[in-house]
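In: got a sequence here, can you model it:
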Amino acid sequence: MVDSLVFPRIKRRDRRGATSPLILAIAAVAGLILVSCLVCSGLVYFGVNSQVTTEIKNKFGERPAVKDNIGEIYRAWINAEASQEVADQFGHPNYVVYDVYGSEGEGQLVIMQGEDGSLVGDEGFLRINDEDLQL
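Out: Take a look at the predicted model:
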(Lines give C-alpha, C1' and ligand atoms only; values in the text may rest on other atoms or scores of the structure.)
Protein backbone atom coordinates (compact mmCIF):
# COMPACT_ATOMS: atom_id res chain seq x y z
CA MET A 1 0.00 0.00 0.00
CA VAL A 2 1.30 3.42 -0.87
CA ASP A 3 1.34 6.09 1.81
CA SER A 4 -0.76 9.08 0.95
CA LEU A 5 0.69 12.54 1.14
CA VAL A 6 -2.52 13.88 2.60
CA PHE A 7 -2.85 11.28 5.36
CA PRO A 8 0.57 10.01 6.29
CA ARG A 9 0.74 6.82 8.26
CA ILE A 10 1.62 7.32 11.86
CA LYS A 11 3.45 4.58 13.61
CA ARG A 12 1.99 3.82 16.98
CA ARG A 13 4.04 2.69 19.87
CA ASP A 14 3.41 -0.84 20.90
CA ARG A 15 2.02 -0.66 24.47
CA ARG A 16 1.29 -4.36 24.87
CA GLY A 17 -1.45 -4.13 27.49
CA ALA A 18 0.01 -1.31 29.55
CA THR A 19 -2.66 0.80 31.22
CA SER A 20 -2.32 4.41 32.14
CA PRO A 21 -1.64 4.95 35.86
CA LEU A 22 -4.34 7.65 35.90
CA ILE A 23 -6.98 5.15 34.73
CA LEU A 24 -5.85 2.65 37.37
CA ALA A 25 -6.02 5.32 40.08
CA ILE A 26 -9.53 6.41 39.01
CA ALA A 27 -10.73 2.79 38.94
CA ALA A 28 -9.27 2.14 42.41
CA VAL A 29 -10.90 5.24 43.90
CA ALA A 30 -14.25 4.43 42.26
CA GLY A 31 -14.07 0.87 43.60
CA LEU A 32 -13.32 2.09 47.12
CA ILE A 33 -16.20 4.55 47.00
CA LEU A 34 -18.59 1.84 45.80
CA VAL A 35 -17.53 -0.62 48.49
CA SER A 36 -17.74 2.00 51.24
CA CYS A 37 -21.24 3.03 50.11
CA LEU A 38 -22.40 -0.59 50.19
CA VAL A 39 -20.90 -1.15 53.65
CA CYS A 40 -22.42 2.04 55.05
CA SER A 41 -25.88 1.33 53.64
CA GLY A 42 -25.76 -2.21 55.04
CA LEU A 43 -24.79 -0.92 58.48
CA VAL A 44 -27.60 1.65 58.41
CA TYR A 45 -30.13 -0.99 57.30
CA PHE A 46 -29.21 -3.44 60.04
CA GLY A 47 -28.86 -0.65 62.61
CA VAL A 48 -32.34 0.69 61.90
CA ASN A 49 -33.86 -2.79 62.01
CA SER A 50 -32.10 -3.45 65.32
CA GLN A 51 -33.55 -0.24 66.76
CA VAL A 52 -36.98 -1.13 65.37
CA THR A 53 -36.84 -4.55 67.04
CA THR A 54 -35.95 -3.00 70.39
CA GLU A 55 -38.68 -0.38 70.17
CA ILE A 56 -41.33 -2.90 69.09
CA LYS A 57 -40.38 -5.17 71.99
CA ASN A 58 -40.72 -2.26 74.41
CA LYS A 59 -44.02 -0.92 73.05
CA PHE A 60 -45.87 -4.05 71.98
CA GLY A 61 -44.09 -7.05 73.52
CA GLU A 62 -46.31 -7.22 76.61
CA ARG A 63 -49.65 -6.77 74.86
CA PRO A 64 -51.94 -9.82 75.16
CA ALA A 65 -52.45 -10.30 71.40
CA VAL A 66 -48.70 -10.33 70.84
CA LYS A 67 -47.94 -12.55 73.84
CA ASP A 68 -50.58 -15.13 72.85
CA ASN A 69 -49.75 -15.34 69.13
CA ILE A 70 -46.10 -14.32 68.75
CA GLY A 71 -44.65 -14.96 72.19
CA GLU A 72 -41.38 -13.24 72.99
CA ILE A 73 -40.34 -11.08 70.03
CA TYR A 74 -36.96 -12.08 68.63
CA ARG A 75 -36.74 -9.75 65.65
CA ALA A 76 -38.77 -7.37 63.53
CA TRP A 77 -38.03 -6.21 59.99
CA ILE A 78 -39.60 -3.41 58.02
CA ASN A 79 -41.63 -4.78 55.09
CA ALA A 80 -41.77 -1.97 52.50
CA GLU A 81 -43.90 -3.89 49.99
CA ALA A 82 -46.58 -4.79 52.53
CA SER A 83 -46.46 -1.22 53.88
CA GLN A 84 -47.33 0.10 50.43
CA GLU A 85 -50.20 -2.38 50.10
CA VAL A 86 -51.61 -1.37 53.50
CA ALA A 87 -51.24 2.32 52.66
CA ASP A 88 -53.20 1.75 49.44
CA GLN A 89 -55.81 -0.30 51.31
CA PHE A 90 -56.44 2.38 53.95
CA GLY A 91 -55.77 5.34 51.66
CA HIS A 92 -53.17 6.73 54.03
CA PRO A 93 -49.36 6.53 53.81
CA ASN A 94 -48.72 6.59 57.56
CA TYR A 95 -48.82 2.82 58.08
CA VAL A 96 -45.64 0.76 58.32
CA VAL A 97 -45.71 -3.04 58.32
CA TYR A 98 -43.15 -4.95 60.36
CA ASP A 99 -42.59 -8.67 59.92
CA VAL A 100 -42.34 -9.92 63.49
CA TYR A 101 -40.79 -13.25 64.53
CA GLY A 102 -41.19 -14.63 68.02
CA SER A 103 -40.90 -17.70 70.19
CA GLU A 104 -44.40 -18.99 69.40
CA GLY A 105 -44.96 -17.79 65.84
CA GLU A 106 -44.70 -14.97 63.38
CA GLY A 107 -46.95 -12.29 62.00
CA GLN A 108 -47.09 -8.71 60.89
CA LEU A 109 -47.49 -5.65 63.06
CA VAL A 110 -49.23 -2.89 61.14
CA ILE A 111 -48.38 0.31 62.97
CA MET A 112 -49.65 3.81 62.28
CA GLN A 113 -46.75 6.19 62.68
CA GLY A 114 -47.24 8.91 65.23
CA GLU A 115 -46.41 12.57 65.03
CA ASP A 116 -43.98 12.55 67.95
CA GLY A 117 -41.00 11.57 65.78
CA SER A 118 -40.41 8.15 67.34
CA LEU A 119 -39.23 5.30 65.17
CA VAL A 120 -42.32 3.16 65.87
CA GLY A 121 -45.84 4.52 66.37
CA ASP A 122 -48.26 3.71 69.19
CA GLU A 123 -51.40 2.52 67.36
CA GLY A 124 -51.92 -0.51 65.18
CA PHE A 125 -52.93 -4.12 64.92
CA LEU A 126 -51.40 -7.57 64.62
CA ARG A 127 -52.04 -9.45 61.38
CA ILE A 128 -51.71 -13.24 61.46
CA ASN A 129 -52.82 -15.28 58.44
CA ASP A 130 -55.00 -12.42 57.12
CA GLU A 131 -56.74 -12.09 60.51
CA ASP A 132 -56.39 -8.70 62.19
CA LEU A 133 -56.15 -8.61 66.00
CA GLN A 134 -56.35 -5.38 67.96
CA LEU A 135 -53.38 -4.55 70.15
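In: most centrally placed residue in this structure?
Out: Tyr45 (5.2 Å; CA atoms, centre = their mean).
In: any idea which element that residue lies in?
Out: Using DSSP states H and E, Tyr45 falls within helix 21-60.
In: repeat for Val66
Out: Assigned by DSSP H and E, Val66 falls in helix 64-69.
In: just checking, what packs against that helix?
Out: strand 123-128, strand 131-134 (3 or more CB pairs under 8 Å, 6 or more residues apart in numbering; DSSP states H and E). All C-beta atoms are positioned from the backbone trio N, CA, C, and that covers glycine.
In: buried set for the shortest one?
Out: Applying a neighbour-count criterion of 16 or more other CB atoms under 10 Å, one finds nothing buried in strand 131-134.
In: okay, the helices and strands packed on helix 64-69 in CSV with distance to Tyr98 next?
Out: Compiled in CSV, the helices and strands packed on helix 64-69 are given as follows (distance: least, CB to CB, whole Å):
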stretch, distance to Tyr98
strand 123-128, 9
strand 131-134, 14
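In: ok, which of the ones you listed comes nearest Ala76?
Out: strand 123-128 (11.8 Å; CB to CB).
In: picking up where we left off before, residues in contact with the helix or strand following the helix holding Val66?
Out: Proceeding N to C from helix 64-69, the next assigned helix or strand is strand 73-78, under DSSP H and E. For strand 73-78, contacts defined as CB atoms under 8 Å, 6 or more residues apart in numbering pick out 48-49, 52-53, 56-57, 60-61, 66, 96-103, 109.
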